[in-house]
Every structure is written in structure tokens, then in C-alpha cells.
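A.B. asks: Let's see this in three dimensions:
(one chain, ligands or ions: 1)
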Amino acid sequence: RIVYVNGDYLPEEEAKVSIFDRGFLFADGVYEVTSVLGGKLIDFDGHKTRLQRSLNELDMPVPEAMDDLLEIHRALVEKNEITDGLIYLQITRGAPADRDFAFPSADVKPTLVLFTQSKPGLAESPQAKTGIKVISIEDIRWGRRDIKTVQLLYPSMGKMMAKKAGAEDAWMVEDGLVTEGSSNNAYIVKGNKIITRHLGTEILHGITRAAVLRFAREAQMEVEERGFSIDEAKNADEAFITSASAFVMPVVNVDGVAIGDGTPGPIAARLREIYLDEMRKAAI
Ligand code: PLP
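C.D. replies: Below is the predicted model of the structure:
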């Protein structure tokens, strides 16, 4: 695999980052994951805009290559012959001479790393037909979940708790209401209404969420942006999640209770189809 590190395209074995990099020592970094379908980037502009916002919110220096990100993504797709897959991008605050809690001076350059993950048939995932099971866990993450930082230890633990319970993912609950999934936004459907947590600092502002809600409204579906409880989810007609890598994925079971008849619902299926159709058309 050819990866990108600070201006260079290298075989992955040759790519190196300092042990003093603040991403490594302090989780002082942000990231984006953009999917590739048919060799083209899905919603590249949405991911780039959110990346810029994450950098601003953390006073992180912007890499010199910021204006070349589209070109770098495309070069990696080409060099690695990616048809379907993901491109991971990470910017960390760089490597000062020594470990220090205070941010380094402006002459320390941020570290920009990108790599590809080939996933043939990404959009034809069999899970989209069967749906996934989720468990609920307490949301004990920090308070700025709207910034896409690499601080992902608790979501990783959540995934492991889900796995142990025979489920695929964990929905996190704060003050009795679902915030989001470990790496996705969470939705329920009651009647014809799609319900998902409102935006704020409590959740990541999903790029897929924004597109899916826009398509839902354009298709005259009713959308309500508010928190919902696990009890409400258990009594919903449908449930699903969205993310750049899962697109729209049905959820058929919450904490061992089947949602609806325990199979993917029609609204989730329709939204997945519209999302994939429209985003493939707009891919660059
Ligand atoms: N929420 C969290 C915590 C995430 O990590 C992610 C994606 O990684 C999402 C939501 C979905 O965001 P997006 O649709 O931009 O991939």
C-alpha cells in the first residue's frame, strides 16, 4: 500500500512519524474518513469543511497541503487502485522537541497522514439486508464530541462491549437520551417520522447525517431533530444508523429487543437507496 505522509507518497513500511508527535502522546489530532465508490470520492467537500472546522476549534495549524487535499485523495485512489473503500486522513499537532502539555510554538508543523483501505463491494454489505444489533452504554466521553478528534478509546471499548454481548455496535446514552453510536449517528422511525438527536456539542455533526436528512426532507418525509430514549427506540417501528463508511444501516435490535418485526424497515431501506444513488451521482 502507498500512503501519504507530510508531502511524500511512500510504501507503508517506509512511512514514519516521530514518537514525540502530539497525536501519539496526547491524542492531539483530528481525522476524517471519506468513502470511495466506483473510484470516486463521496461528499469530499463535506468532509473537508468539517476538517477545517475541527482544526479551527482546536487552534491547530493548517497543513501547507490543505489546498491539495482533493489531489492527494485522488492520487491515493489511483496509486492503490481503489474501486470501493475508504480514505483515512489525520492531522496531528506535530512533534515538538519534547513532551509538554502546552501547545508547541508556531514553527512546529502539523503532521498530515493519509492512507487507503480497500473494501470491494462496500455499498453491497450483506449487513444492510439483515440489519445490525446494538446495545446501550453510558456516554462518558468528553464534552466536545462535535470535534472529530482521534480520542477514540471509549468508542473502541463500546465496540468491544457490543461484541461481547453478541451485538455489532453500542448506542451511547447521556441523561436518559441517546447521543449517537460509537462511530455513527443514531435514528429511530415512529409512524412516518424520522427522529434523530439535534446538533450540538454532544454529538459529531455527521456528514452522512446532513445528506440523509436533506434527502428525507426532499422526499417529503417528516424529520424531528431531538433526543430519544432507549425505551422509545425499543418501541419504534424502525431504527438505523448513518456514517460515511456504513451509509444508512438498519438497526433491528436494541438491548435484546427486536425493533418492529426484527427486520430492516422500509424507510431505512429507501433512505439507503436514495443516499447511495444521489451520492454516486455527485461523487468526484
Ligand atoms: N458519530 C461519531 C461518533 C462518529 O465517529 C462518526 C463517524 O466516524 C459519525 C457520527 C458519523 O459521521 P459521518 O457521517 O461524517 O461519517
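A.B. asks: Please count neighbours and contacts with C-alpha atoms only from this point.
C.D. replies: OK.
A.B. asks: Can you classify residue 231 by secondary structure?
C.D. replies: Under DSSP: H, G, I helix; E, B strand; the rest coil, the three-state class of residue 231 is helix.
A.B. asks: same question but for residue 19, I mixed them up
C.D. replies: Strictly by three-state DSSP, residue 19 counts as coil.
A.B. asks: That one: how many residues sit nearby?
C.D. replies: The number of residues packed near residue 19 is 12, by other Cα atoms under 10 Å.
A.B. asks: mind checking how far it is from the ligand?
C.D. replies: Distance, residue 19 to the ligand, by Cα to the nearest ligand atom, to the nearest Å: 25 Å.
A.B. asks: same check, this time on residue 212
C.D. replies: From residue 212 to the ligand the distance is 9 Å (Cα to the nearest ligand atom).
A.B. asks: Residue 169 now?
C.D. replies: On the measure of Cα to the nearest ligand atom, residue 169 and the ligand end up 12 Å apart.
A.B. asks: What's opposite the nearest residue to that residue once chain neighbours are set aside in the beta bridge?
C.D. replies: Counting by Cα to Cα, 6 or more residues apart in numbering, residue 169 lies nearest to residue 134, which is 4.8 Å off, once chain neighbours are set aside. Using DSSP bridges, the beta-bridge partners of residue 134 come out as residue 169, residue 254.
A.B. asks: Residue 134: what's it in contact with?
C.D. replies: For residue 134, the contact set (Cα atoms under 8 Å, 6 or more residues apart in numbering) comprises 162, 167-171, 251, 253-255.
A.B. asks: Farthest-apart pair in the residues you listed, please.
C.D. replies: Greatest spatial distance among the contacts of residue 134 (Cα to Cα): 162 and 251, at 13.4 Å.
A.B. asks: Among these two, which residue is more densely surrounded?
C.D. replies: residue 251 (29 against 22).
A.B. asks: who are the neighbours in contact with that one?
C.D. replies: 131-134, 238-241, 259, 264.
A.B. asks: go on, residue 15?
C.D. replies: So residue 15 contacts 3-5 (Cα under 8 Å, 6+ apart).
A.B. asks: If we use 6 Å, what do you get?
C.D. replies: By Cα atoms under 6 Å, 6 or more residues apart in numbering, residue 15 lies in contact with nothing.
A.B. asks: Kindly provide the distance from the residue nearest to residue 169 to the ligand.
C.D. replies: 15 Å.
A.B. asks: And for residue 168?
C.D. replies: 15 Å.
A.B. asks: what's the answer for residue 163, then?
C.D. replies: With Cα to the nearest ligand atom as the criterion, residue 163 and the ligand are 17 Å apart.
A.B. asks: looking at this, that residue is in a helix?
C.D. replies: Yes. According to three-state DSSP, residue 163 belongs to a helix.
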